[in-house]
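Peer 1: My questions are about this predicted structure, shown below with the sequence.
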Amino acid sequence: MAAERQLRITYNMTRCYLDVARGVFVSLHHPSGEEFISQHGHIPLANATIAVVSISIIYSYLALESFFNYRLYRLWERRHSGSPEAGRFHRLLGDAPAFESLRTNRTVSELGPRIRTVCEVMGFEEPHQRVPQLWQDFNDLVKRSRHFLVHPNPASEMFQAELQRIGEQTVSGKYVAVAEGLLTFYYSQGGQAPPAWVTRNTLLGFRGVDVLTEEAQ
């Protein structure tokens, strides 16, 4: 009996995360107009908005985290190749015996420095110099919005103010555009066009998010 063929699946987590971050920004489905507001108030809509926005923020961050973590790993794998990239890797990061040991290296332990280091090792311009506004928006994503959602300060006034800021100032797709922009920047610095999934969904399609009232739960 012939041996069964093994199914081998290659996952692209950056593509998956970016599709979720981009796709979840769809219209909220709820009973329309003043009737819904008068019956249920603004709280269900406000919380539903924060729920959707938080998914987009966190998954935009995860898309960048997974992409540049993989790029760093590939550079680590080839650190003995004798290439210019290998030489720059040794100069900046030494000769880590295991990839996991890089997690404690302050040069790449956080996402922002990791992006800059990967670009420097590759011989690319660094994004904070080439696209300063995009880099500032990235810092807002990482240091303010994403950090607060993962590590919220429960002090009442600060908590409510930050969530209000996130809900009102995070316009549709803002942080997805940051992820798209940094990925596009990386590919363009290498002389490549970004894959289609960088700028549009190619795996998932979202048709809407239903806002549920207590009666519907």
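Peer 2: Sure thing, it's come through. Note that this is a predicted model, so its numbers are computed, not measured.

Peer 1: alpha carbons only for contacts and neighbour counts from here, please
Peer 2: OK.

Peer 1: starting at the chain centroid, how far to the lengthiest helix in the chain?
Peer 2: Counting residues, the longest helix found in the chain (DSSP state H) is helix 43-77. The gap between where helix 43-77 is centred and where its chain is centred comes out at 3 Å by CA atoms, centre = their mean, to the nearest Å.

Peer 1: Show me what secondary structure element comes after that helix.
Peer 2: helix 84-93 (DSSP states H and E).

Peer 1: Mind giving me the packing neighbours of the next helix or strand after that following helix?
Peer 2: Using DSSP H and E, the next helix or strand after helix 84-93 towards the C-terminus is helix 111-122. In terms of contacts (3 or more CA pairs under 8 Å, 6 or more residues apart in numbering; DSSP states H and E), helix 111-122 is packed against helix 43-77, helix 84-93.

Peer 1: For Thr184, find the nearest of those helices.
Peer 2: helix 43-77 (11.4 Å; CA to CA).

Peer 1: what packs against that closest one?
Peer 2: helix 13-23, helix 84-93, helix 111-122, helix 156-169, helix 174-189.

Peer 1: Adding mean pLDDT and mean neighbour count as columns, could you present those in a markdown table?
Peer 2: A markdown table is the format used below for the helices and strands packed on helix 43-77 (pLDDT from 0 to 100; neighbours: other CA atoms under 10 Å):
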| stretch | mean pLDDT | mean neighbour count |
| --- | --- | --- |
| helix 13-23 | 94 | 23 |
| helix 84-93 | 96 | 17 |
| helix 111-122 | 96 | 20 |
| helix 156-169 | 80 | 14 |
| helix 174-189 | 95 | 20 |
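
Peer 1: can I get these in JSON lines with distance to Leu212?
Peer 2: Below are the helices and strands packed on helix 43-77 laid out as JSON lines (distance: least, CA to CA, whole Å):
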{"stretch": "helix 13-23", "distance to Leu212": "20"}
{"stretch": "helix 84-93", "distance to Leu212": "50"}
{"stretch": "helix 111-122", "distance to Leu212": "36"}
{"stretch": "helix 156-169", "distance to Leu212": "18"}
{"stretch": "helix 174-189", "distance to Leu212": "25"}
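
Peer 1: which one of those lies closest to Trp135?
Peer 2: Distance to Trp135, taken as CA to CA, is lowest for helix 174-189 among the helices and strands packed on helix 43-77, at 8.2 Å.

Peer 1: chain center to the next helix-or-strand element following that closest one, what's the gap?
Peer 2: Counting by DSSP H and E, the next helix or strand C-terminal to helix 174-189 is strand 209-210. For strand 209-210, the separation from the chain centroid amounts to 22 Å (computed by CA atoms, centre = their mean).

Peer 1: Counting by contacts, list what strand 209-210 packs against.
Peer 2: Looks like strand 209-210 contacts strand 28-29 (3+ CA pairs under 8 Å, 6+ apart).

Peer 1: Mind doing that once more with 10 Å?
Peer 2: strand 28-29, helix 43-77 (3 or more CA pairs under 10 Å, 6 or more residues apart in numbering; DSSP states H and E).

Peer 1: Kindly calculate the angle that the longest one makes with helix 84-93.
Peer 2: Compare the direction of helix 43-77 with that of helix 84-93 by axes from the mean of the first three to the mean of the last three CA atoms, to 10 degrees and you get 110 degrees.
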